[in-house]
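A.B. asks: Show me how the following folds:
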Amino acid sequence: MSLSLIKADTIGDFLSRLDDTFSAVGDIFLTGETTHVSEGWRPWTTHIEFASSVRKDDRAHFNESVAMIAKEMGINVTDEFPGEVIPLPAGFEDRSRDLSDPLDLDFLSVRHFDPYSIAYRYIARGLEQDYQLVLAYLDHDWISEEEMGERLEALLPSLSMDTIQQDPAEFRRRYIGLLQMWRANAMGHTHRMTPV
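C.D. replies: Predicted structure coming up:
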């Protein structure tokens, strides 16, 4: 599949087509760079990322619809529930966020996945670009350092080699590294996701 650059209007077009083709009730939660592009924090991404929730009986049709539309548009699409990768902090369902520019769809509800859950998911993976994604959430006040720390203390006991292929101590080291980047940025340094 091609690596077409995906802009905000591409995301809207994909979701509109999915709404028309799937024609059933479901929930779409944008994640990662897709959230950033949708909200205008960055101009483009290379694939659409989201988590979906549909009735069990509709799942096959939903997956077929996603694959067909992605192929027609020549874009890469990933449907991944963050809870399959890392335990999610309590109350994540209630922390999804509305789109700043809501879509007019007939069947699908589209929101952003809980930014705290997404931040922990990317910290666990620990790549440079993952940290930049989390820093953007901090820059735009979608998450706070204080609340991240509080939720982390509650989350750490559920982390294990089985859930995220790393021990809690390694996760904590990555988290501390992220905070050091964030504090350096707050002191006047910029990271590559910050508009200058």
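A.B. asks: Just give me the residue closest to the centre of this structure.
C.D. replies: Centroid check for the chain by C-alpha atoms, centre = their mean gives Thr31 as the closest residue, at 1.9 Å.
A.B. asks: Next, work out how far apart that residue and Ala186 are.
C.D. replies: For Thr31, the distance to Ala186 equals 25 Å [C-beta to C-beta, to the nearest Å]. Glycine gets a C-beta too; all of them are placed from N, C-alpha and C.
A.B. asks: Give the rounded mean pLDDT of stretch 48-67.
C.D. replies: Stretch 48-67 comes out with an average pLDDT of 98.
A.B. asks: correction: stretch 169-180
C.D. replies: 86.
A.B. asks: Please work out how many residues are found near Ala51.
C.D. replies: By other C-beta atoms under 10 Å, 21 other residues sit near Ala51.
A.B. asks: Please apply the same query to Trp142.
C.D. replies: Look at Trp142: counted by other C-beta under 10 Å, it has 19 neighbours.
A.B. asks: Contact partners for the nearest residue in space to it that is not next to it in sequence?
C.D. replies: Distances taken as C-beta to C-beta, 6 or more residues apart in numbering place Pro115 nearest to Trp142, at 4.3 Å, with adjacent residues excluded. Contact partners of Pro115, counting by C-beta atoms under 8 Å, 6 or more residues apart in numbering, are 35, 95, 97, 137, 142-143.
A.B. asks: can you put those in TSV and add distance to Asn63 and secondary structure?
C.D. replies: Compiled in TSV, the contacts of Pro115 are given as follows (distance: C-beta to C-beta, whole Å; DSSP: H, G, I helix; E, B strand; the rest coil):
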residue	distance to Asn63	secondary structure
Thr35	22	helix
Arg95	26	helix
Arg97	25	strand
Tyr137	28	helix
Trp142	29	coil
Ile143	31	coil
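A.B. asks: CA atoms of stretch 113-131 as CSV?
C.D. replies: Coordinates of the C-alpha atoms in stretch 113-131 are reproduced here as CSV (Å, rounded to 0.1, in the frame of the first residue of the first chain):
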residue,chain,number,x,y,z
PHE,A,113,-9.2,8.1,22.6
ASP,A,114,-8.3,9.0,26.2
PRO,A,115,-5.0,10.9,25.9
TYR,A,116,-3.6,9.5,29.1
SER,A,117,-4.0,5.9,27.8
ILE,A,118,-2.4,6.9,24.5
ALA,A,119,0.5,8.6,26.3
TYR,A,120,1.2,5.5,28.4
ARG,A,121,0.9,3.3,25.3
TYR,A,122,3.6,5.3,23.5
ILE,A,123,5.8,5.6,26.5
ALA,A,124,5.8,1.8,26.7
ARG,A,125,7.0,1.6,23.1
GLY,A,126,9.6,4.2,23.9
LEU,A,127,10.7,5.4,20.4
GLU,A,128,11.8,9.0,19.9
GLN,A,129,8.7,9.7,17.7
ASP,A,130,6.5,8.2,20.4
TYR,A,131,7.9,10.6,23.0
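A.B. asks: Quick check: buried residues in that stretch?
C.D. replies: 113-126, 130-131 (16 or more other C-beta atoms under 10 Å).
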